[in-house]
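*Asks:* build me a model:
(one chain, ligands or ions: 1)
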Amino acid sequence: MTTYILGGGPAGLAVAHGLCEEGGGDFVLVERGDELGGLARTVEWPGHGHHDLGPHKLFTLDEALWSRVEALLPADGWLVREKVSRIFLHGHYLPYPPSPFSLVKVFGIRSFAHLTATYGWARLRCLLSADHARTFEEDLVRRIGGGLYRALFEPIARKLWGDPARLDAKLSRARVQTPSVTEVIAHVLGRRKKSEFEALTFRYPVGGLQRLWDAVRKATEGHGRILLRHEVRRIEMRDGAVRAIECRHLGEDKAVTLEVGEEDFVVSTVPMGRLADFLGEALPRELREGIRRVLVLNDLILVFLKVAPKSLLDESWIFVPDPEVVFHRISEQESFDPEMATDGSIVCCEIMSNEGRPLMRESDDELVEQVRRGLDRMGLGEARVVDQRVIRLPKTYPVYRPGFEEDLDRILDRLDEIRNLRTIGRQGAFHYIGSLDAMDIGYGIARWLTGGAGRPWGEERERTRHYPVLD
Ligand SMILES: Cc1cc2nc3c(=O)[nH]c(=O)nc-3n(C[C@H](O)[C@H](O)[C@H](O)COP(=O)(O)OP(=O)(O)OC[C@H]3O[C@@H](n4cnc5c(N)ncnc54)[C@H](O)[C@@H]3O)c2cc1C
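*Replies:* This next block holds a predicted model:
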């Protein structure tokens, strides 16, 4: 049996690695890029060093998964970094999560008293009523009160996803934990919370994430083929199963057809909308329309600045709900591995383009200019910018519209009826997850394919539906 893996990001690579470790036959991995790693790849910036597409922290609560990933690199191939985050709002820096004292600084004592009262009232009402919130806005107003919601969460939600009244409550439930009264008191006393949802440290491969993907490549040598610069363009189906994958070899500009035999299997991690296009008329029209309707994806723009001096920030990340700053998050590669930038520092500013803020239309120069104004506002404008680059990642951030989950389940059930195809991963299953979650899903399907999971596919899909967001 040959497993065809479409896409060489963390999910696809874990499928290949899992198949090798579990004796799952050979594989052919098809990746359109020049490198493996997908959204989690490290790229070179000639003359300035290397950086990720937005530095990635690696963190999971799943110890078995972690041991498996950790073993891909030698013990001295990992760095352990302290995670330090802050928030920049209304011209002030706040700790993350914000302490009551910092909120007094930003909002003044009267507004703070109002926020506290609405928060307390919301907590009390929550204890007495069942949760029926359907949207991001309803959920947070219910849990933390309208005051705190509008002050802290609405501005960042608008920057990231657009109108919070048009977002599913799954986003707020996954990303905003309501602290207990004891946690609030601990925070007031200055004790750092040891929450299971908060990564206080994280791991990072020495030299960049690419080291990890290179290690997977090495570990799978001799078990299968990796076809880089091969873009899937069409998938042919017969009798309810995939029979051929048509690709374009982008390097040699020629067509390549991979025949899929009776015993073979296809795991797709490419964006589900693209998969639907590849399958074309083999899918019923209403299914294709459903996929188009449900899969709303925002574009991400990354503005990288090479700055002097060596280090600009003390934090791993600063979250920026401040409406007057164009980016929603800023970080620098230095906080992940200080050796990756040559001389100065590589700073990454993340800008989401959504329907309320269609920034993808702006030119690179305009975006850089807006970023520099943002840095000035944050008091970081003194840094000397040596070079700049803009990387656009179209359609990469899932936007969950209210009620999307039922539609998505129906779509996945229909696609799962194709006998020898499963679509998984962040883009493949419209799943807002991190890279280790994507790897867990990849390892899971490899186990399932080799019979090791010992359960029907529906249960394996269910197992991977909810991963905690570990901020
Ligand atoms: C800015 C940013 C910051 C992030 N920070 C973190 C973090 O701190 N920690 C964390 O754990 N995660 C983070 N993530 C998320 C992480 O990158 C993703 O969860 C992970 O990459 C998903 O893996 P995947 O394999 O499912 O999908 P992808 O990484 O999207 O891989 C899909 C692959 O399919 C390929 N492909 C697409 N179309 C075709 C085609 N037609 N033919 C062939 N190949 C194709 C793509 O080139 C890509 O390589 C971040 C993501 C971004 C963008």
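*Asks:* near the ligand, which residues of the stretch 201-350 of the chain are found?
*Replies:* Within the stretch 201-350 of the chain, the positions lying close to the ligand (CB under 6 Å from any ligand atom) are 231-232, 269-270, 274, 300, 350. To be clear about C-beta, it is placed using only N, CA and C from the backbone, and glycine gets the same treatment.
*Asks:* now neighbour count and pLDDT too, for those, in TSV please.
*Replies:* Output for those, formatted as TSV (neighbours: other CB atoms under 10 Å; pLDDT from 0 to 100):
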residue	neighbour count	pLDDT
231	17	98
232	24	98
269	32	98
270	23	98
274	18	96
300	22	97
350	22	97
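*Asks:* among these, which one lies nearest to residue 134?
*Replies:* For these, the minimum distance to residue 134 (CB to CB) is 26.4 Å, reached by residue 300.
*Asks:* quickly note the distance from that closest one to residue 359.
*Replies:* Going from residue 300 to residue 359 by CB to CB, to the nearest Å gives 10 Å.
*Asks:* next, the residue nearest to residue 449 when sequence neighbours are not counted: phi, psi?
*Replies:* Nearest residue to residue 449 in three dimensions, chain neighbours excluded: residue 24, at 5.6 Å (CB to CB, 6 or more residues apart in numbering). Backbone torsions of residue 24, given as degrees, to the nearest 10, read phi -90, psi 30.
*Asks:* so of the residues of the stretch 201-350 of the chain next to the ligand, which ones are in helices?
*Replies:* Of these, the ones assigned to helices by DSSP state H are residue 274.
*Asks:* could you work out the most separated pair of the residues of the stretch 201-350 of the chain next to the ligand?
*Replies:* The span of these, defined through CB to CB, is set by 232 and 350 at 28.1 Å.
*Asks:* need the helix or strand of the chain with the lowest average pLDDT.
*Replies:* Across the helices and strands of the chain, mean pLDDT, DSSP states H and E gives its lowest value to helix 181-188, namely a mean of 56.
*Asks:* avg pLDDT for the helix or strand following that helix?
*Replies:* Counting by DSSP states H and E, the next helix or strand C-terminal to helix 181-188 is strand 201-205. The pLDDT scores in strand 201-205 average 93.
*Asks:* elements contacting strand 201-205?
*Replies:* Here strand 201-205 touches strand 78-82, going by 3 or more CB pairs under 8 Å, 6 or more residues apart in numbering; DSSP states H and E.
*Asks:* let's see it at 10 Å
*Replies:* helix 63-70, strand 78-82, helix 210-219 (3 or more CB pairs under 10 Å, 6 or more residues apart in numbering; DSSP states H and E).
*Asks:* and these as TSV, adding distance to residue 441?
*Replies:* Shown next, in TSV, are the helices and strands packed on strand 201-205 (distance: least, CB to CB, whole Å):
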stretch	distance to residue 441
helix 63-70	10
strand 78-82	22
helix 210-219	15
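*Asks:* any idea which of those is most buried?
*Replies:* Of the helices and strands packed on strand 201-205, the one with the most neighbours on average (mean count of other CB atoms under 10 Å) is helix 210-219, at a mean of 19.
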